[in-house]
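In: After the sequence you'll find the predicted model.
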Amino acid sequence: MSTEPRLAEVTEPVHAQKTAPGADQSAKETLEDYTLRFAPRSYRRWTPMVVATTALGGIAYMADFSIGAGIGLAHGTGNALVAIAVAAVVIFVTGFPLAYYGARYNIDLDLITRGSGFGYYGSVLTGVIFASFTFIFFALEGSIMAQGLKLGLGLPLWLGYLVSTLMVIPLVIYGMKALSKLQVWTTPVWLLLMIAPLVYLISTDPGTVDRFLGYAGTDGDGGVNTASVLLGAGVCLSLIAQIGEQIDYLRFMPPKTEANKRTWWTAVVMAGPGWVVLGALKQAIGVFLAVYILAKVGPAAATEPIQQFRSAFDAMMPSWLVLPLAVALVVISQIKINVTNAYSGSLAWTNSFTRITKHYPGRMVFVLVNLGFALALMEADMFSFLNDILGFYSNCAIAWVVTVATDIGINKYLLKLSPLQPEFRRGMLYAVNPVGVVSFVAASGLSIALYFHALGDTLQPYSPVAAAVIAFVLTPLMAVVTKGKYYLRRSDDGITEPLLDPEGNPSAVTYDCHVCRQEFERPDVAACQTHDAVVCSLCLSTDKAGDHVLSAAPAVT
């Protein structure tokens, strides 16, 4: 078996009749890696650990070093480390049920969100939140790369921003095939360049550890206090939406069986919520390196990864090699994550746009849209007010992820008011489910008000806590109040074949969609309202007249 995922070959469909406008184009493009739909068993031909290794290759971004450095310099090492740990625990706990559902049922986070409290159109809200996550972090990584290009090649920042944006376009065109190859061959180099200088500094100068642990920060007194910890945790929690990009890989997990269950669970935990372990470690390293170089470069430059690693390399190798290696590390990291950011963002925009307009414009349109947003943020010098942007954004991201995780963990398994099997097909779901939408809007709205001091300065640091607590409480409360009746518009999709096989995995039985004439597995199709045939989920999404969409029927609760 190859050490990286192999993508299924796409064959041209043979048409027996005229297809719906746009259906053929959308079917062929999304079959490259099943971008907007369920990932079938016939496509998922690699082992759990191969999936996990590829998924972890996508978190080699440099933003963690900047985030950790910013928190540490402001609040001190003690507060920063506690804040990083608190955020990591929250991200791990909330990410676990999402990762499980993505891997078990082979669907991405948007498809999970639809059936976990938001409804078919309600999840467009969270699609925009996820798309925002991708271009915010694209801009952050692009800014870091531009800093490296300025230091190494003398490029002005505005040109560096442009270069970091344009260079990913050729790679994004090829989707997940290019991403997986890029991550596999660059990960060993990236790990070596990141870990080696840290080990060298600690082993040759133990005093760096004492200075790191004793740093009090510009706003602190050396002690640990709740306000500082929560402010720092709020910034770290902006990364909570990273689970969406991890699930983009986890949805390609093979079926869980008795024979592979141990490695299956190990891979899901490691590549799902487990990503935050490495993320938290990088944030702590960012604090360490910022304190190490603070006296040399000043607080503004100490948060720049290019400066951090330039100084670290300078302590262990010849001067002529320092700058090239530092620039190489930054550029490799930026390319690794920003190709993923551009790709995942384009999927989120395309998914939302297709549902609203019932028209599939092609993914590359939204690659350019996402890159345009990111470039605008970079040119506006977002790096200089990084923590403010991330602190604000984290309120929305926390509200979304906690709402969906709570719906899975409590509403499905404990209260049994939410259907256990995920549902994402048009016609099967209500347009809007108040359970998730109300919980998300209330949690994000109130936490944002707190963040902007609307309820006083004392409560401002508690905005991320408010987002999590409100979402956690309101989600089951809304399910009880509505008695779970807004989850399913129908309980019967018109096909007698069960959705799941005897082991609880999505069925591999195939059907031909009579609109696009492609073959799809059982979970991705539903009966047609007007023909004795089945229709795939994407053709249902692009059905402007609604001719193929099943009519409402009483749902069995």
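Out: Arrived safely. Numbering: from 1, shown residues only.

In: Flag the shaky bits of the protein, pLDDT-wise.
Out: Scanning the chain for pLDDT under 70 picks out 1-35, 57-58, 172-187, 220-222, 386-387, 554-557.

In: what's the longest helix in it?
Out: Counting residues, the longest helix found in the chain (DSSP state H) is helix 319-357.

In: residues of the helix or strand just after that helix that come out buried?
Out: The helix or strand immediately downstream of helix 319-357 is helix 363-379, counting by DSSP states H and E. Residues of helix 363-379 classed as buried: 363, 366, 367, 369, 370, 371, 373, 374, 375, 377, 378 (neighbour count, 16 or more other CB atoms under 10 Å). In short, each C-beta sits where N, CA and C put it, glycine included.

In: can you pull the buried residues of the longest helix of the chain?
Out: 322-323, 325-355.

In: of the buried residues of helix 363-379, closest to residue 166?
Out: residue 371 (8.1 Å; CB to CB).

In: State the distance from that closest one to residue 162.
Out: Note on residue 371: its distance to residue 162, by CB to CB, to the nearest Å, is 10 Å.

In: cool, residue 546 as well?
Out: Applying CB to CB, the value for residue 546 to residue 162 is 44 Å.

In: next one: residue 522
Out: Distance, residue 522 to residue 162, using CB to CB: 47 Å.

In: which of those two has more neighbours?
Out: Neighbours per residue, other CB atoms under 10 Å: of residue 522 and residue 162, the larger number sits with residue 522, 22 against 17.

In: ok, and the closest non-adjacent residue to that one?
Out: Closest residue in space to residue 522, ignoring its immediate chain neighbours: residue 507 at 3.9 Å, by CB to CB, 6 or more residues apart in numbering.

In: quick one, phi/psi of that neighbour?
Out: Phi and psi for residue 507, reported as degrees, to the nearest 10, are phi -60, psi 140.

In: Kindly report the same for residue 500.
Out: The phi/psi pair for residue 500 (degrees, to the nearest 10) is phi -120, psi 150.

In: hey, where'd the helices end up in the stretch 151-300 of the chain?
Out: With DSSP state H, counting those that start in this stretch applied, the stretch 151-300 of the chain shows helices at 157-166, 169-173, 175-204, 207-214, 226-236, 242-250, 261-271, 275-297, 299-302, listed in chain order.

In: okay if I get these as a markdown table plus distance to residue 539?
Out: Listed next are the helices of the stretch 151-300 of the chain as a markdown table, based on distance: least, CB to CB, whole Å:
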| stretch | distance to residue 539 |
| --- | --- |
| helix 157-166 | 34 |
| helix 169-173 | 24 |
| helix 175-204 | 21 |
| helix 207-214 | 57 |
| helix 226-236 | 41 |
| helix 242-250 | 22 |
| helix 261-271 | 31 |
| helix 275-297 | 34 |
| helix 299-302 | 53 |
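
In: Return the most buried member of those helices.
Out: helix 242-250 (a mean of 26; mean count of other CB atoms under 10 Å).

In: Can you list the neighbours in contact with that one?
Out: For helix 242-250, contacts defined as CB atoms under 8 Å, 6 or more residues apart in numbering pick out 51, 54-55, 58-59, 91, 94-95, 98-99, 102-103, 108-109, 112, 130, 133-134, 176, 268, 271-273, 275-276, 279, 340-341, 344, 347, 401.

In: how far off helix 261-271 does that helix point, in degrees?
Out: 140 degrees (axes from the mean of the first three to the mean of the last three CA atoms, to 10 degrees).

In: quick one: helix 242-250 to helix 275-297, angle?
Out: Following the same axes, to 10 degrees, one obtains 130 degrees for the angle between helix 242-250 and helix 275-297.

In: Restrict helix 242-250 to CA atoms and write it as CSV.
Out: Provided in CSV are the C-alpha atoms of helix 242-250 (Å, rounded to 0.1, in the frame of the first residue of the first chain):
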residue,chain,number,x,y,z
GLN,A,242,-9.5,23.6,12.9
ILE,A,243,-11.4,20.4,13.5
GLY,A,244,-13.2,21.1,10.3
GLU,A,245,-10.0,20.8,8.3
GLN,A,246,-9.1,17.6,10.2
ILE,A,247,-12.5,16.1,9.3
ASP,A,248,-11.8,16.9,5.6
TYR,A,249,-9.3,14.1,5.9
LEU,A,250,-11.0,11.9,8.5
